[in-house]
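Undergrad: coords please:
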Amino acid sequence: MLKRLARLSRNIETFIGCESEYEDADIVIFGAPFDSTTSYRPGTRFAAKAMRSESFGIETYSPYQDRDLSDSRIFDAGDLELCFGDPKPALDAIKEFTAKILDDRKLPVMIGGEHLVTLGALTAAAERWDDLHIIHFDAHADLRDDYLGAKLSHAAVMRRVWELVGDDRIFQFGIRSGDKTEFVWAKEHVRMIKFNFSGLDNAVDFLKGKPVYLSIDLDVLDPSEFPGTGTPEAGGVSFSELLNAIFKVSKLNIVGCDINELCPVYDQSGISTAMACKILRELLLALGRKK
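TA: Residues are numbered from 1 along each chain as shown. Reported below is the predicted structural model:
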């Protein structure tokens, strides 16, 4: 089964600077090209492939952190082969591959895909850490109990995550869209900061020493900077604000993370893909520094 999902030798086309062998790597990146529950504009299944190709338009060196990807030990496993149409086998495949990475004491970094893919990777982490906490950057609450009757939906992913970890384990930032019932429910069950990253310093202080899964939905960014996403929402954060938030969170005990919801076909300029590449570079370097 695992051999069908992804190779454990380097992908032919890797994200820039991620050229270590699996055995030597501290961090493993992989793509989860799934967008079958997308409710508005599909196309996030192409994100990981686009990011690998366009990553060679940026440098491996980060002037923000004075570090270089070429000095890191990162393995690019390529994209998983995922079942389209039915989310259950796709999530099972993501869970299985993430579990393999965790069993080998490496840090999984997943490139979505729609946000539902988070559930597969996070399930693998939740089975290993009873006290797992989640930091979630997003424009959308994703806390519906179902979407048009579907429990496995990108619009319900954090509700499914809550079922795994329980109350007060999910810290949400940047939320500015959702059904009213989501915001009412959130007051009793999760810790939600609307519109921005205020309170992130307090969350980081609280989460010190605890295992944390980080999920970054790129539509947390304002669409004036990042239009290439399936469900753009006005009033988002800036690139600099997101970068600073990533640097703060990276100091925690991050046991897994993902970056999702780039939809490259909706930004023909390529700016959104280039920005996603830069965010991933900074995320990898920040996590590598902690490692």
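Undergrad: okay, E13: pLDDT?
TA: What the model reports for E13 is a pLDDT of 87.
Undergrad: So it, which state does it fall into?
TA: Under DSSP: H, G, I helix; E, B strand; the rest coil, E13 falls in the coil class.
Undergrad: quick one: it and S55, what's the gap?
TA: Counting by C-beta to C-beta, to the nearest Å, the gap from E13 to S55 is 9 Å. Heads up, the C-betas are built off the backbone N, CA and C, glycines and all.
Undergrad: Which one's more surrounded, these two?
TA: Neighbour tally, E13 and S55, criterion other C-beta atoms under 10 Å: the higher count belongs to S55, 25 against 12.
Undergrad: Could you tell me the end-to-end distance of stretch 45-63?
TA: Its start and end residues considered, stretch 45-63 measures 30 Å (C-alpha to C-alpha, to the nearest Å).
Undergrad: any residues touching it, and which ones?
TA: 11, 13-17, 30-35, 67-70, 76, 79, 111-113, 260-265, 270, 273-274, 276-278, 280-282, 285 (C-beta atoms under 8 Å, 6 or more residues apart in numbering).
Undergrad: Just the buried residues of that stretch, please?
TA: 45-52, 54-55, 58, 60-62 (16 or more other C-beta atoms under 10 Å).
Undergrad: Widest-spaced pair of those?
TA: R45 and Y61 (30.2 Å; C-beta to C-beta).
Undergrad: could you say what helices and strands the lengthiest helix in the chain packs with?
TA: Longest helix in the chain, counting residues (DSSP state H): helix 271-290. Under the contact criterion of 3 or more C-beta pairs under 8 Å, 6 or more residues apart in numbering; DSSP states H and E, helix 271-290 touches strand 27-32, helix 47-54, strand 61-62, strand 67-68, strand 107-112, helix 239-249, strand 253-260.
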